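Visitor: got a predicted structure here, sequence first:
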Amino acid sequence: MFKSFDILTILGLIVALLAILGGNLLEGGETKTLVQLTALVIVLGGTLGAIMVQTQRLTFLRAMKMFTWVFTPPEIDYKSTINKIVSWSRTARKEGLLGLEIIADNEKDEFSRKALQLLVDGSEPESIRSILEVDIISHEETELNAAKVYEAMGGYAPTIGIIGAVMGLIHVMNNLADPDALGAGIAVAFVATIYGVGLANLIFLPVANKLKAVINVEIRFYEMVVDGVSSIAEGENPRNIEIKLQGYLR
């Protein structure tokens, strides 16, 4: 695996912000009216607190670590892995399964190393597939639960934004003696709603969906490894294995 910068994420955020701020300017609004630290603290703090109450500690920590995937997602070199698997199958044909023992010890990818070790140990193809599929299901569930943290934040943020707006209106009502400040005060109150809806639809929900897409790619890679190693255990021809695995490139 290697990492590359996802420029599409940055472009998406820039386009969204320019559209919103540009629309505000076209309507004669001022950008500074949308900048309210108090509203931001209420929305972010409230959303973060709610999600911490809902989520288990390890899932929450995993979600925070996975956030960087939005900008630098882990990428998998399918072609290189297919070539490795075909090479393993040729080695197994020439030297037997024990010939893969040194390769297994030197394999960097933990999942592939486990698959090779099962192969070297002489496990049956169905047994290999069954054991590795348990790993895949467990890994997928763990990663998806972490991604769903951002999905839940996307659900809480708009509601917290409404709470912030109501708090702002309460403050305005307490200052009715100053009519000149009413308009500005009401405008400020509704900024919290903008923050809640904006963070949910521009940050939290898109982040959740992108993480799910990255996880799907990762799970597909593991499934390819399982197919390849199981095919080696079944004694399939290296060329047939290559043709089968190339289907994952689509």
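Guide: Yep, it's here.

Visitor: how far does the helix or strand hosting His171 sit from the chain's center?
Guide: Assigned by DSSP states H and E, His171 falls within helix 125-173. Centroid separation for helix 125-173 versus its chain: 10 Å, with CA atoms, centre = their mean, to the nearest Å.

Visitor: quick one: average confidence on that helix?
Guide: Helix 125-173 shows a mean pLDDT of 92 in the predicted model.

Visitor: could you look up the SS state of the residue of the chain positioned farthest from its centre?
Guide: The centre of the chain is farthest from one residue, Ala177, which by CA atoms, centre = their mean lies 50.1 Å away. Under DSSP: H, G, I helix; E, B strand; the rest coil, Ala177 falls in the coil class.

Visitor: please enumerate the helices of the chain.
Guide: Shown for the chain, the helices assigned by DSSP state H span residues 7-26, 37-54, 57-66, 78-95, 101-106, 110-120, 125-173, 182-199, 205-233, 238-245.

Visitor: dump these to a markdown table, plus distance to Thr72 and mean neighbour count.
Guide: C-beta: built from backbone N, CA, C; applies to glycine. Shown next, in a markdown table, are the helices of the chain (distance: least, CB to CB, whole Å; neighbours: other CB atoms under 10 Å):
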| stretch | distance to Thr72 | mean neighbour count |
| --- | --- | --- |
| helix 7-26 | 9 | 12 |
| helix 37-54 | 23 | 16 |
| helix 57-66 | 11 | 15 |
| helix 78-95 | 19 | 17 |
| helix 101-106 | 27 | 14 |
| helix 110-120 | 20 | 19 |
| helix 125-173 | 16 | 17 |
| helix 182-199 | 22 | 19 |
| helix 205-233 | 10 | 19 |
| helix 238-245 | 27 | 16 |
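
Visitor: any idea which of those helices scores lowest on pLDDT?
Guide: Of all these, mean pLDDT reaches its minimum on helix 182-199 (a mean of 80).

Visitor: and stretch 94-110, how far out from the chain middle?
Guide: 32 Å.

Visitor: now swap in stretch 242-250 and tell me
Guide: 25 Å.

Visitor: equivalent analysis for stretch 191-208, please.
Guide: Averaging C-alpha positions (CA atoms, centre = their mean) puts stretch 191-208 17 Å from its chain's average.

Visitor: now swap in stretch 208-221 and tell me
Guide: From the chain centre to the centre of stretch 208-221 is a distance of 7 Å (CA atoms, centre = their mean).

Visitor: which residues sit against that stretch?
Guide: Residues from elsewhere that reach stretch 208-221 (CB atoms under 8 Å, 6 or more residues apart in numbering): 9, 66, 69-70, 73-74, 76, 78, 81, 136, 139-140, 143-144, 146-151, 154, 248.

Visitor: same thing but 10 Å
Guide: 1, 6, 8-9, 12, 63, 66-67, 69-71, 73-78, 81, 109, 111-112, 136-137, 139-140, 142-144, 146-154, 248 (CB atoms under 10 Å, 6 or more residues apart in numbering).
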